[in-house]
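>>> Take this sequence and fold it.
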Amino acid sequence: MIDVITVVNLSTIDLNLLHVLAVTLEERSATRAARRLGVTQSAVSNALARARELLGDPLLVRDGRGMAPTPAAEELLPELAAAMGQLRAVIEHRRAFDPRTSTRELTLACADNSQIADVPPVAAALAREMPLARLRVVSVDYLVASGGMSAGGIDAAIGLRKGDPGLRAVPLYRDPTVGVVRHDHPIVRQRLTRGSFPRLGFIDVHIPLGRPGRGHAMVEQALRAQGLVRRIALVVPGFAAAAMAAAGGDLVALMPRRVAVALGSHLPVRIVELPLEHLGHEMWLAWHERTHRDPAAACLRRVILETLRAADGPVVRPDPG
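The predicted structure follows:
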């Protein structure tokens with residue numbers, strides 16, 4: 001791939017072609033890429049055809065309803081994203097960044113819990129700080145499928161801490177795990193007791209790729225360490241579905257307190273405490289080194305930190321900038 005590029009006269013390459021190619025590889029769809037770029041689908045298809053000719057590879061091939069990258073494209077994407085990021089950084093450094101007039105699209109990756117509890121206040125705060133910008137929220141599944149933070153396209157992520165190389169991270173808040181039941185539950189009162197566990201059916205939530213994630217494993221391990229075993233009666237792919245199922249029957253859902261509070265304002269459910277202490281997750285804000293000095297991404301990080309830490313109470317944390 002590198003040999004093909006080096007023999008081409010760089011003055012003949014349209015840099016916009018590389019940008020279109022990078023976005024199409026991230027989206028794996030000409031339709032979604034066109035929507036994101038604000039151009040027609042035919043323009044994306046034409047650019048993709050030119051990129052295939054330039055690089056001597058199909059790059060993307062039909063795969064069901066979407067498009068799958070070739071091995072050469074998989075290898076190219078992180079390098080291309082890094083190059084485009086560096087070019088963007090050079091341009092941004094030459095211009096004075098004004099959050100009031102910036103029209104950047106900023107992408108935040110987070111799981112179901114943060115989409116419910118964190119995104120609404122962050123979106124409102126960002127709209128006040130950057131009124132012309134657009135916040136794009138993607139799932140953890142998308143983050144994994146698109147190659148992670150290093151592949152480009154993601155400006156920040158909220159989740160459990162990971163020690164991936166090239167990532168910076170700061171703690172946001174700790175969210176305890178609670179139970180959610182309908183208001184007039186016949187067994188559960190103010191808290192779940194050890195004696196009530198064998199008599200209850202529970203709702204399990206499998207979010208990443210429809211399988212139990214790291215947070216799920218931590219909760220299950222903590223429960224079993226205390227001799228508490230849940231009888232799983234229902235498995236759903238999100239906390240909203242779990243809360244709705246709890247509101248309509250006698251099943252119990254376990255979820256982060258912030259999510260339970262947010263959903264409890266819309267559903268006839270109440271929060272109950274668990275019969276063990278210190279069960280919860282430390283949530284972190286993470287970003288890749290390539291966006292560390294990007295002023296728009298830094299503005300997004302500051303808004304996230306100020307908004308979510310304020311909701312969690314005053315804390316002193318390291319400076320993310």
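>>> how deep is G179 tucked in, by neighbour count?
24 (other Cβ atoms under 10 Å). C-beta: built from backbone N, CA, C; applies to glycine.
>>> you'd agree it is up against L251?
No. No contact is recorded between G179 and L251 when judged using Cβ atoms under 8 Å, the distance being 10.5 Å.
>>> Let me see the ranges of the helices in the chain.
Remark: helices of the chain, listed N- to C-terminal, are 2-6, 15-27, 30-37, 41-55, 71-94, 112-117, 119-129, 140-145, 214-225, 239-247, 257-264, 295-312; assignment by DSSP state H.
>>> Among those, which comes closest to H281?
When the helices of the chain are compared for distance to H281 using Cβ to Cβ, the nearest one is helix 214-225, at 5.5 Å.
>>> Can you find the helix or strand of this structure with the lowest average pLDDT?
Here the helix or strand of the chain ranked lowest by mean pLDDT, DSSP states H and E is helix 2-6, holding a mean of 43.
>>> so who does the nearest residue to M244 once chain neighbours are set aside touch?
Taking Cβ to Cβ, 6 or more residues apart in numbering, and ignoring the residues beside it in sequence, M244 has L267 as its nearest neighbour in space, at 6.4 Å. With contacts defined as Cβ atoms under 8 Å, 6 or more residues apart in numbering, the neighbours of L267 are A243, M244, A247.
>>> Would you check how far apart the last one and T193 are?
If I follow you right, that is A247. 21 Å (Cβ to Cβ, to the nearest Å).
>>> These two: which is more packed in?
Set A247 next to T193 and count neighbours by other Cβ under 10 Å: A247 wins out with 20 against 15.
>>> count of residues packed around the nearest residue to L276 once chain neighbours are set aside?
Closest residue to L276 apart from its sequence neighbours, by Cβ to Cβ, 6+ apart: Q226 at 5.0 Å. Other residues within reach of Q226 by the criterion other Cβ under 10 Å amount to 14.
>>> swap in L228?
Close neighbours of L228, defined as other Cβ under 10 Å, add up to 16.
>>> swap in A145?
Using other Cβ under 10 Å, A145 has 14 neighbouring residues.
>>> Contacts only, for it.
In this structure, A145 makes contact with R28, judged by Cβ under 8 Å, 6+ apart.
>>> need the contacts of L267 in TSV with pLDDT and distance to M255, can you?
Supplementary listing: the contacts of L267 in TSV, determined by pLDDT from 0 to 100; distance: Cβ to Cβ, whole Å:
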residue	pLDDT	distance to M255
A243	98	7
M244	97	12
A247	97	13
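>>> residues in contact with the closest residue in space to A47 that isn't next to it in sequence?
By the measure of Cβ to Cβ, 6+ apart, the closest residue to A47 outside its immediate chain neighbours is V20, 4.0 Å from it. Residues near V20 by Cβ under 8 Å, 6+ apart: A33, L37, V39, A43, V44, A47, L48, A51.
>>> Go through the residues you listed and say which is closest to G148.
Distances from G148 to the contacts of V20, taken by Cβ to Cβ, are shortest for A33, at 19.2 Å.
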